[in-house]
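Visitor: Give me a 3D structure for the following:
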Amino acid sequence: MDRPAHLGRPDLILLPGTKNTMADLKWLRESGLEAMIWRLVEEQKVPVIGICGGYQMLGETLSDPHHVEAGGTIKGMGLLPMDTVFAEKKTRTRVSGRNRISGRG
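Guide: All right, here's what the predicted structure looks like:
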């Protein structure tokens, strides 16, 4: 999806993980998708779930003092009262879990 009109009328918005959170947030902003997400949240109360980098985008700010991604600080989407500061070394780990309701893993 590369245009806000393609978003339609969703029941839920899922922002997935990313390898470059700041660049992808800038793309969401430049494409108009961030504004559409805000409109859907405010007007239709569409819930938003962020996973990993998608979760970080939902906060107030993203800061990269060690230039792990792009360096500097950018404004987040402001949907969650939190700030992200990238550590000097980016760590990616595989995790697993079980849904407490369904028992599926």
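
Visitor: For the protein, which segments count as strands?
Guide: 13-15, 48-50, 61-64, 72-75, 83-85 (DSSP state E).

Visitor: Quick one: residues in contact with the first one.
Guide: Applying CB atoms under 8 Å, 6 or more residues apart in numbering, the set of residues contacting strand 13-15 from outside is 7, 37, 40-41, 46-51, 53-55, 57-58. Where you see a C-beta, it was placed from the backbone N, CA and C, and this is true even at glycine.

Visitor: hmm, try it at 7 Å
Guide: Ile37, Leu40, Val46, Val48, Ile49, Gly50, Ile51, Gly54, Met57 (CB atoms under 7 Å, 6 or more residues apart in numbering).

Visitor: show me the contacts for the residue nearest to the spatial centre of the chain.
Guide: What sits nearest the mean C-alpha location of the chain, by CA atoms, centre = their mean, is Gly54, with 2.2 Å. Applying CB under 7 Å, 6+ apart to Gly54 gives the contacts Leu15, Pro16, Gly17, Thr18.

Visitor: Kindly recompute the last result at 10 Å.
Guide: Gly54 makes contacts with Ile13, Leu14, Leu15, Pro16, Gly17, Thr18, Thr21, Asp24, Leu25, Leu28, Val48, Met77, as judged by CB atoms under 10 Å, 6 or more residues apart in numbering.
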